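Chemist: Structure, please.
(one chain, ligands or ions: 1)
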Amino acid sequence: MNIGIIGAGNIGGNLTRRFRALGHNVFVANSRGPETLSDLAEETGATPVTVDEAARSGDVVVVTIPMKNIPDLPRDLFAGVSDDVVVVDTGNYYPQQRDGRIAGIEDGVIESRWVSQQLGRPVVKAFNNIYAEHLLKLGKPAGSPGRIALPVAGDDERAKSIVLKLVDELGFDGVDAGGLDESWRQQPATPVYAADFDAAGVRRALASASRERKPEWRAKSA
Ligand SMILES: NC(=O)c1ccc[n+]([C@@H]2O[C@H](COP(=O)([O-])OP(=O)(O)OC[C@H]3O[C@@H](n4cnc5c(N)ncnc54)[C@H](OP(=O)(O)O)[C@@H]3O)[C@@H](O)[C@H]2O)c1
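Modeler: Have a look, this model is predicted:
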């Protein structure tokens with residue numbers, strides 16, 4: 001598969017490593033330009049590209065940058081990109097530690113719905129609830145006892161099935177977590193967040209999540 005990755009940090013870098021190890025073609029971008037990605041390219045064989053090129057190079061395009069930087073992406077990032085291209089959002093809103101106030105999310109828009117609105121494209125939410133290092137190191141073959149499971153939420157069943165298959169290839173059980181309107185169940189502070197549960201545990205955790213956004217996950221008042 002051709003996979004575009006926008007963001008080459010903890011998650012983007014490790015997805016690049018794992019997808020390359022699986023034999024996928026990876027086109028990876030950051031904010032500073034492809035010339036700053038030569039180490040990652042040399043290590044993995046991924047192709048460093050611009051953000052625009054990454055959006056145009058993948059059958060799947062993973063957007064994995066801090067939430068506060070999402071509005072900085074080019075407005076026409078996906079203009080002319082086929083609707084068949086699957087866009088994955090790994091993002092989490094960290095208002096107090098990193099992102100500051102994002103009004104839409106504070107007003108109640110689900111995090112990935114907000115990302116989708118900013119990008120002007122449907123997204124599939126995945127990889128947001130696992131530590132980058134665990135994503136790199138804790139994958140196991142299908143059927144292994146205690147295999148970690150990852151929730152995948154999205155409105156397009158075809159797009160979601162493609163992501164669920166990639167999750168499995170990476171060494172994790174994919175759990176269909178419903179449509180994007182259900183994706184608050186895997187946001188920060190929910191039971192499934194950073195918990196490394198198996199599939200049964202992920203299903204239980206999603207079912208027991210509470211919609212309430214706790215004060216420590218809200219922006220401090222202006
Ligand atoms: N870290 C984790 O364990 C983890 C786990 C699950 C989900 N997440 C979520 O996944 C997202 C990414 O997290 P991360 O930890 O991988 O972030 P990170 O290590 O801080 O890396 C951020 C990457 O995004 C790039 N970037 C920032 N603004 C950009 C822009 N406008 N255009 C293109 N690239 C841009 C940066 O490029 P430059 O360096 O060139 O600026 C950098 O490569 C966040 O929402 C985070 O909450 C993180």
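Chemist: Show me what the helix or strand hosting residue 150 is in contact with.
Modeler: Per DSSP states H and E: residue 150 is located in strand 149-152. Strand 149-152 has contacts (Cβ atoms under 8 Å, 6 or more residues apart in numbering) with 124-127, 129-130, 160, 163-164, 167, 172-177, 185-186, 192, 197-199, 201-202, 206. (Glycine included, C-beta is placed from N, CA and C.)
Chemist: same thing but 7 Å
Modeler: Contacts to strand 149-152, defined as Cβ atoms under 7 Å, 6 or more residues apart in numbering, come from residues 124, 126-127, 129-130, 160, 163-164, 167, 172-177, 186, 192, 197-199, 202, 206.
Chemist: And for stretch 100-114?
Modeler: 67-68, 89, 91-93, 95, 123, 125, 180-181, 183-184, 187, 218-219, 222.
Chemist: and with 6 Å instead?
Modeler: 68, 89, 93, 123, 125, 180, 183, 184, 187, 219 (Cβ atoms under 6 Å, 6 or more residues apart in numbering).
Chemist: One more: stretch 58-65?
Modeler: Contact with stretch 58-65 is made by 1-7, 11-12, 55, 86-90, as judged by Cβ under 6 Å, 6+ apart.
Chemist: For the ligand, tell me which of the residues you listed show up nearby.
Modeler: Subset of the contacts of stretch 58-65 in contact with the ligand: 6, 7, 11, 12, 90, counting by Cβ under 6 Å from any ligand atom.
Chemist: Backbone dihedrals for the residue lying closest to residue 214 once chain neighbours are set aside, both of them.
Modeler: Of all residues not flanking residue 214 in the chain, residue 189 sits nearest, at 5.8 Å (Cβ to Cβ, 6 or more residues apart in numbering). The phi and psi values for residue 189, taken as degrees, to the nearest 10, are phi 80, psi 0.
Chemist: Nearest residue to residue 53 in space, please, no chain neighbours.
Modeler: Nearest residue to residue 53, sequence neighbours excluded (Cβ to Cβ, 6+ apart): residue 27, at 6.4 Å.
Chemist: How about the helix or strand where residue 16 lies, which residues are buried there?
Modeler: Here residue 16, judged by DSSP H and E, is contained in helix 10-21. By 16 or more other Cβ atoms under 10 Å, the buried positions in helix 10-21 come out as 11, 12, 13, 14, 15, 16, 17, 18, 19, 20.
Chemist: for stretch 115-128, same thing?
Modeler: Buried, per 16+ other Cβ under 10 Å, within stretch 115-128: 115, 116, 118, 119, 121, 122, 123, 124, 125, 126, 127, 128.
Chemist: closest to the ligand among those residues?
Modeler: residue 128 (4.6 Å; Cβ to the nearest ligand atom).
Chemist: Wait, that closest one touches residue 92, no?
Modeler: Yes. At 5.3 Å, residue 128 and residue 92 qualify as touching, with contact defined as Cβ atoms under 6 Å.
Chemist: Around the ligand, which positions in this structure sit nearby?
Modeler: When proximity is defined by Cβ under 6 Å from any ligand atom, the chain lies next to the ligand at 6-12, 29-32, 51, 64-67, 69, 72-73, 90-92, 127-128, 131-132.
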